[in-house]
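Peer 1: give me a model of this one.
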Amino acid sequence: MTMSILSFSGPRWTTRHLTLAAMLTALEVILGKLSVGDPAVLKIGLGFIATALVGYCLGPWMGGMVMIINDLISNTVLNTGSLFFPGFTFSAFISGVIAGMFLYQQKLTWQRVFVYEFFQILITNVVFTTLWLYIMSLNAGSTSRTLTALLAIRLPKEVITWPIESLIVLIVLRAFSRTRLNQLPK
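Peer 2: Numbers count the residues shown, from 1 in each chain. You can find the predicted model right below:
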């Protein structure tokens, strides 16, 4: 296993890896639907677990593609009434890329997972999701939500969930690393 700060490579696009990508997409869709809260402001869910698995198994580029497919399936076929917005599809891609860069072919230390979760939360949840929600509120004609107000609502949740998500991801990835699924040829 080669070690580096970040991984920019991924596995070859084999039938096995595409099958694993399909299974992880299904897991991502299911865990993404297991959430509570208003997606337009504050939502707490389990999708972060599958995102970490996607990055760990498939690297940044295949991971990004899986996240795009997940976003399209979740917001078209399995839509629960929320509006489709392409910004969230971009965020999903970036989320998969970040997961793959930090986790693919890397030693699973608590420091690496905490740094991964920090950047994942900061970039996708705090910056992009808040920006997309703000833009969507402008398009809806609502001027009641300012960017600062959205951050004031969203930031405390992200700060609280960061160590919790990091610990859960560390436990899940370490357990997964001991399975035979982790032994697919790279």
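
Peer 1: from now on I want contacts and neighbour counts done on CA atoms only, so please keep to that.
Peer 2: Noted.

Peer 1: now do the helices in this structure.
Peer 2: 15-33, 47-75, 86-103, 110-120, 130-139, 147-177 (DSSP state H).

Peer 1: looking at those helices, which is nearest to residue 6?
Peer 2: Of all these, helix 86-103 sits nearest to residue 6, with 5.0 Å by C-alpha to C-alpha.

Peer 1: and the closest one, what's buried?
Peer 2: By neighbour count on 16 or more other C-alpha atoms under 10 Å, the buried set for helix 86-103 is 87-103.

Peer 1: show me where pLDDT drops low in the chain?
Peer 2: Regions of the chain meeting the criterion pLDDT under 70 cover residues 1-4, 37-43, 80-82, 139-145, 180-186.

Peer 1: can we see that at 50?
Peer 2: 1-2 (pLDDT under 50).

Peer 1: and residue 137, how many neighbours does it have?
Peer 2: Counted with other C-alpha atoms under 10 Å, the neighbours of residue 137 add up to 17.

Peer 1: quick check, residue 55 in contact with residue 92.
Peer 2: No - here residue 55 does not reach residue 92: they are 11.9 Å apart, not a contact under C-alpha atoms under 8 Å.

Peer 1: returning to what we had before: let's have the helices of the chain in JSON lines, adding distance to residue 9.
Peer 2: Output for the helices of the chain, formatted as JSON lines (distance: least, C-alpha to C-alpha, whole Å):
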{"stretch": "helix 15-33", "distance to residue 9": "14"}
{"stretch": "helix 47-75", "distance to residue 9": "6"}
{"stretch": "helix 86-103", "distance to residue 9": "8"}
{"stretch": "helix 110-120", "distance to residue 9": "17"}
{"stretch": "helix 130-139", "distance to residue 9": "29"}
{"stretch": "helix 147-177", "distance to residue 9": "19"}
